[in-house]
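S.K.: Got a predicted structure here, sequence first:
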There are 2 protein chains.
Amino acid sequence: MTAARSRRKHDDPDLEIFHLLRAVAVEYGLRQAAFAAEHGMHVTDVRALIRLLDAERAGIDATAGFLGAGLGLNSAGTTAVIDRLERLGLVSRVRDVHDRRRVLLKVEDHAKDLGWSYFGPLIDKTVSVLPGFDERETAAVRLFLQTALDALTSQPT
Amino acid sequence: MTAARSRRKHDDPDLEIFHLLRAVAVEYGLRQAAFAAEHGMHVTDVRALIRLLDAERAGIDATAGFLGAGLGLNSAGTTAVIDRLERLGLVSRVRDVHDRRRVLLKVEDHAKDLGWSYFGPLIDKTVSVLPGFDERETAAVRLFLQTALDALTSQPT
DNA sequence: ACGTATTATCTCGCTGAGCGATATTATCGC
DNA sequence: GCGATAATATCGCTCAGCGAGATAATACGT
């Protein structure tokens, strides 16, 4: 394991790109925390909101259990998150008519606006360089990101 | 603000790349949490360790205050983080000889190995596609990441 | 040199997020 | 209907991080 330390040089251009990607990930986390604080929420609440918005976009109806699993929380923690979001008027609990054990989570319009106010400018600025890329360049970006995602999701050796 | 909602279509290819980047950021966070749990640490501890390793690589001598600022913690929280890292034998406190108010944080070799065991495989897999790229493709990836980083670090409109 | 302001870190008490265990309520198979 | 199962909620607890203030070393004006 100590051998790994000398595997790469510090000025390795590949490493530089990796560090760039890592910086993006780190900053993303910081921005999420800042956004949360700015709106009287916690990081978990923001993540929950995003989960819920993603689910809605995917046409999945989100339940408490679904959300808890997505956030890696147990039922107690999940209830607490939903309580907070409900108190902020961002989400409302709706009993499922067909299975009345289930609680469906309805994302309020206000939350959607909040989500867009968070991601909107970020998206615009981030993708602003893409129109200047040709097919191969765009494909390269996509491939690199996909590879990074695979590396992160696959179990380490 | 409601106008933002209709600004982009869901199948916008630009948005797809943004989602890919966002997924990378999210997964990075999850992996960090998993790594932390695996080694009896908290996410903050891992982030602290990375901060310290980065500082060492940059030739900065890390103090408690420096670390706290980097993590967005106040002094009480910072002390707690260092306590935990010290208890795990990953970091040791060394009084600065020239300014004896300061506590320098020395990263133990064990921590460096830990860092490499975390990032090593991730780096290898992530950058594995880069050798197949030509100059323009590599530059495109770099530019895209840099733009994303700028978008994240600049204040939102 | 000397008191005062400043800087760096730590201690104390507290709030609150999230956990484990358990309770409550609803559905399903028999 | 009735136990078994599933979905969510409640209770009590632990511990990360905060605010306020303590401690200790340094800088600085006079």
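M.R.: That came in fine, so what should we check first?
S.K.: residue boundaries of the strands in chain A?
M.R.: Using DSSP state E, the strands found in chain A span residues A:91-95, A:103-107.
S.K.: Could you identify which of these is most buried?
M.R.: strand A:103-107 (a mean of 18; mean count of other Cβ atoms under 10 Å in any protein chain shown). C-beta: built from backbone N, CA, C; applies to glycine.
S.K.: what packs against that one?
M.R.: Applying 3 or more Cβ pairs under 8 Å, 6 or more residues apart in numbering or on different chains; DSSP states H and E, one finds that strand A:103-107 contacts helix A:43-58, helix A:64-71, strand A:91-95.
S.K.: what's the closest of those to B:R87?
M.R.: Closest approach to B:R87 among those is made by helix A:43-58 (25.2 Å; Cβ to Cβ).
S.K.: right, is that closest one up against DNA strand C?
M.R.: Yes. Against DNA strand C, helix A:43-58 shows contacts by Cβ under 7 Å from any atom of the strand at A:43-44.
S.K.: sorry, back to before: ok, which of the helices and strands packed on strand A:103-107 comes nearest B:H110?
M.R.: It's helix A:43-58; of these, that one is closest to B:H110 (Cβ to Cβ) at 29.1 Å.
S.K.: which sections of chain A are below the confidence cut-off?
M.R.: Applying pLDDT under 70 to chain A flags residues A:1-11, A:155-157.
S.K.: Would you mind listing what in it touches DNA strand C?
M.R.: Neighbours of DNA strand C within chain A, by Cβ under 7 Å from any atom of the strand: A:42-44, A:72-77, A:80-81, A:84, A:99-101.
S.K.: Which one (most neighbours) among those residues?
M.R.: Most neighbours among the residues of chain A next to DNA strand C, by other Cβ atoms under 10 Å in any protein chain shown: A:V81, with 23 neighbours.
S.K.: Quick check: the gap between the closest residue to that residue other than its chain neighbours and A:A64.
M.R.: Spatial nearest neighbour of A:V81, excluding adjacent residues (Cβ to Cβ, 6 or more residues apart in numbering or on different chains): A:A48 at 5.1 Å. As judged by Cβ to Cβ, to the nearest Å, A:A48 and A:A64 stand 11 Å apart.
S.K.: what does A:Y28 give?
M.R.: For A:Y28 relative to A:A64 (Cβ to Cβ), the value is 26 Å.
S.K.: more neighbours, those two?
M.R.: A:Y28 (21 against 18).
S.K.: Which residue, other than its chain neighbours, is closest to that one?
M.R.: Closest to A:Y28 by Cβ to Cβ, 6+ apart is B:A25, at 3.8 Å.
S.K.: and what of A:D61?
M.R.: Excluding its sequence neighbours, the residue lying closest to A:D61 (Cβ to Cβ, 6+ apart) is A:L104, at 5.4 Å.
S.K.: can I assume the one you found is in contact with A:V94?
M.R.: Yes. Counting by Cβ atoms under 8 Å, A:V94 is a contact partner of A:L104 at 4.6 Å.
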